[in-house]
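*Asks:* sequence below, structure please.
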Amino acid sequence: MKPTRQEAIRQAVSLIWYNLPQGITTFGPCGRGCGGSGRGSGPCLACAVDDLSKVIGRQKAEDYAELVRRIREAEGDMSPD
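*Replies:* Predicted coordinates for the structure are as follows:
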């Protein structure tokens, strides 16, 4: 059964956050075989952005992923030294 629009968005957004973690984690070959590298060898960030772009459009999906990157960077700047 095909996921609803909201389920597809939620899954893609979750994968984006998962692939832009805080702290130390492991990455391996993308679980979808695209040649990228995904956290825990799951789907990679590029595949997550592709999933989201199918629902909301390429530019919005890329913009969203960039915002998450910037949030993670800001969170890292707030970490104690």
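
*Asks:* quick check: buried residues in the helix or strand hosting Leu52?
*Replies:* Assigned by DSSP states H and E, Leu52 belongs to helix 45-56. By neighbour count with 16 or more other Cβ atoms under 10 Å, helix 45-56 contains the buried residues Leu45, Ala46, Cys47, Ala48, Val49, Asp50, Asp51, Leu52, Ser53, Val55, Ile56. All C-beta spots, glycine's among them, are computed from the backbone N, C-alpha and C.

*Asks:* output the below-cut-off pLDDT ranges for this structure.
*Replies:* Where the chain drops to pLDDT under 70, the residues are 81.

*Asks:* sticking with the residue nearest in space to the middle of the chain, tell me its helix or strand.
*Replies:* Centre of the chain computed as the mean C-alpha position; nearest residue by Cα atoms, centre = their mean is Ile16, 1.5 Å away. Element membership of Ile16 [criterion: DSSP H and E] is helix 5-18.

*Asks:* for the following helix or strand past that helix, packing partners?
*Replies:* Going down the chain from helix 5-18, the next helix or strand is strand 27-29, by DSSP H and E. Packing contacts for strand 27-29, counted by 3 or more Cβ pairs under 8 Å, 6 or more residues apart in numbering; DSSP states H and E, involve strand 37-39.

*Asks:* just checking, what packs against the strand it packs on?
*Replies:* Contacts defined by 3+ Cβ pairs under 8 Å, 6+ apart place strand 37-39 against strand 27-29.

*Asks:* packing partners of the longest helix anywhere in the chain?
*Replies:* The single longest helix within the chain, with elements called by DSSP state H, is helix 58-77. Applying 3+ Cβ pairs under 8 Å, 6+ apart, we find helix 58-77 packed against helix 5-18, helix 45-56.
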